[in-house]
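Asker: build me a structure from this.
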Amino acid sequence: MDEGPGTDEGPGTEEGPGTAKDQELRTKDQKPLFSTRLPSNLAPNRLTQALVQRRAAGPPIIDLTESNPTRAGFVYPPDLLAPMADPRGLVYVPQPLGALAARRAVADDYERRGAHVSPDHIVLTSGTSEAYSLLFKVLCDPSDNVLVPRPSYPLFEHLTRLDAVATRPYDLEYSHAWSIDLDSVERAFSERTRAVLVVHPNNPTGSFMKAHEFDRLADLCAAHQAAIIVDEVFADYELKPGTGRAGPILATRDALVFSLGGLSKAIGLPQVKLGWIAVGGPEAAVQGAIGRLEVANDAYLTVSTPVQLSAPTLLRAGADVRRQIRARVAGNYAQLLQQAERAPACRVLDTEGGWYAVLHVPSFGSEEDLVLDLLINDGVLVHPGYFFDFARESYLIVSLLAPEVSFSQGISLTLRHFTCTTGPA
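Answerer: The predicted model follows:
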């Protein structure tokens, strides 16, 4: 799930009561022509407009929002995608759960991370966004709700709305380190809650769910007949070993659990479009879930045959790209900490994993004005905290994927705004 500049309601748009064009597109009885599952106002927001203008004008941009590893200067084996030319791909043999050899390769990849799952408990998808959509279809009726973390990346609101599912937030709180506010999870449950969504590690906070937090979530979900959906796409990028992270989550027998992953983050290939759902929990619930996922996936069959045939080779050969990403992320995080020491008004919040970092900065104005100033005057693009539903200002979110020299320059230009406490430099 990749993010662009984005806004509260959609990448590059601003939600509102509707454009004049929307008002024209109504039937005679005044019913809207388009579904309310999508924003009615598709106009670009201020940051998107400024970015387009900056690019059109020509000055370089240091992009500290980059989430696409294929544009971040990593060295990919030139023949990495060669297996997709396998002639067996000329024959179409649809399998709703996915090709068995590909599911076995995914099971082996879980084993590499210390988690055991049967290939029979794995479902292939075209990516994690589709995985969420399938799970919402399997678990929820229209107007049911799922609990989502706050802060977290902004895609949940759009995915749930597209499936006519509501969201109810629970909080992540920060005190020297991030943790799940378990009381807020319990308060968020209602009779129509069907699942709790956890990003492990979270994007952008970089916090792993801890063992005691997972145990409590499992108890709550078991009591409320709800499932736990754990997005583990960033699981390979641990920055601080020994944090007490929960795992392996699929081993639980207390609640129905779904683990999501994909090639986009695991080996830096977002364009290959292969994701998966692994299912754990009580055996009867697991079998019920697999059967329903098979029916739902059979209606779409979106994963291409060449991708499935190449999955075992890709997962092996792509490990080198993963090593490069790990080294880049760790090096840039160390650089961020080092530079932040020279800007005492700023604080880097503790990050345990993933490839984003959160910088808490003084509030001299709105986050939006700050990121616009950085883009227009310094050529540095960062995410404001409100994109990720931070409860208050001022936070800047930076990607740790950028090439080292660009990252160092971009952070230096950003921090110089806060080298004194009387106002921006």
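Asker: per-residue pLDDT, E191?
Answerer: Predicted confidence (pLDDT) for E191: 98.
Asker: ok, it - contacts?
Answerer: Contact partners of E191, counting by C-beta atoms under 8 Å, 6 or more residues apart in numbering, are absent. Every residue, glycine included, has its C-beta placed from N, CA and C.
Asker: give me the three-state assignment for it.
Answerer: coil (DSSP: H, G, I helix; E, B strand; the rest coil).
Asker: now it: phi and psi?
Answerer: Dihedral pair for E191: phi -60, psi -20, per degrees, to the nearest 10.
Asker: relative to S179, how far out is it?
Answerer: Going from E191 to S179 by C-beta to C-beta, to the nearest Å gives 27 Å.
Asker: cool, and F74?
Answerer: Distance from F74 to S179, by C-beta to C-beta: 33 Å.
Asker: what's the answer for L220, then?
Answerer: To S179, L220 is 16 Å away according to C-beta to C-beta.
Asker: could you count how many residues lie near P119?
Answerer: The tally of other residues near P119 (other C-beta atoms under 10 Å) stands at 18.
Asker: what is the burial count for the closest residue to it other than its chain neighbours?
Answerer: Excluding the flanking residues, the one nearest P119 by C-beta to C-beta, 6 or more residues apart in numbering is R103, at 4.1 Å. R103 has 24 neighbours, counted by other C-beta under 10 Å.
Asker: likewise for D373?
Answerer: For D373, the neighbour count with other C-beta under 10 Å is 16.
Asker: and V91, what does it touch?
Answerer: Counting by C-beta under 8 Å, 6+ apart, V91 touches T305.
Asker: scratch that, E186
Answerer: E186 is in contact with L220, counting by C-beta under 8 Å, 6+ apart.
Asker: now do the contacts for S179.
Answerer: 172-173, 207, 210, 213.
Asker: look up the residues forming beta bridges with it.
Answerer: Counting by DSSP bridges, S179 forms beta bridges with E173.
Asker: and what of D231?
Answerer: D231 has these beta-bridge partners by DSSP bridges: V199, L260.
Asker: what does the pLDDT read for E3?
Answerer: You'll see E3 listed with a pLDDT of 46.
Asker: and the gap between D141 and R194?
Answerer: D141 is 8 Å from R194, where distance means C-beta to C-beta.
Asker: buried ones among the contacts of S179?
Answerer: Buried subset of these (neighbour count, 16 or more other C-beta atoms under 10 Å): 172, 207, 210, 213.
Asker: what about I228, which helix or strand?
Answerer: Using DSSP states H and E, I228 sits within strand 227-231.
Asker: tell me which of the contacts of S179 is nearest to L155?
Answerer: Using C-beta to C-beta, L172 is the member of the contacts of S179 that lies nearest L155, at 16.6 Å.
Asker: find the residue closest to L100 in space, skipping its chain neighbours.
Answerer: Closest residue to L100 apart from its sequence neighbours, by C-beta to C-beta, 6+ apart: P119 at 6.3 Å.
Asker: look up phi and psi at that neighbour.
Answerer: phi -60, psi -30.
Asker: per-residue confidence for it?
Answerer: At P119, the pLDDT value in this model is 98.
Asker: swap in T13?
Answerer: For T13, the pLDDT comes out at 45.
Asker: helices along the stretch 151-300 of the chain, start to end?
Answerer: Shown for the stretch 151-300 of the chain, the helices assigned by DSSP state H, counting those that start in this stretch span residues 155-162, 182-188, 211-224, 263-266, 283-298.
Asker: domain assignment for the protein?
Answerer: Listed by automatic domain parsing, the domain ranges of the chain are 20-74+320-418, 82-317.
Asker: most tightly packed of these?
Answerer: When the domains of the chain are scored by mean count of other C-beta atoms under 10 Å, the highest mean neighbour count falls to domain 82-317 (a mean of 19).
Asker: my read: the residue nearest to L100 touches D109, true?
Answerer: No: applying C-beta atoms under 8 Å, one finds P119 not in contact with D109, separated by 11.2 Å.
Asker: how far is stretch 386-394 from where the chain is centred?
Answerer: Centroid separation for stretch 386-394 versus its chain: 16 Å, with C-alpha atoms, centre = their mean, to the nearest Å.
Asker: contacting residues around it?
Answerer: With contact meaning C-beta under 8 Å, 6+ apart, stretch 386-394 is reached by 3, 6-8, 150-154, 169, 171, 204, 360-363, 366-368, 370, 385, 397.
Asker: one more time with 7 Å
Answerer: 6-7, 150-154, 204, 361-363, 366-367, 370, 385, 397 (C-beta atoms under 7 Å, 6 or more residues apart in numbering).
Asker: can you tell me which of the residues you listed are in strands?
Answerer: Among the contacts of stretch 386-394, the ones falling in strands (DSSP state E) are 150, 397.
Asker: flag the least confident of the contacts of stretch 386-394.
Answerer: Least confident entry in the contacts of stretch 386-394, by pLDDT: T7, with 35.
Asker: who's in contact with V199?
Answerer: The contact partners of V199, by C-beta under 7 Å, 6+ apart, come to 149, 152, 231.
Asker: ok, 8 Å please
Answerer: If a contact means C-beta under 8 Å, 6+ apart, then V199 has 149, 152-153, 230-231, 234 as its contacts.
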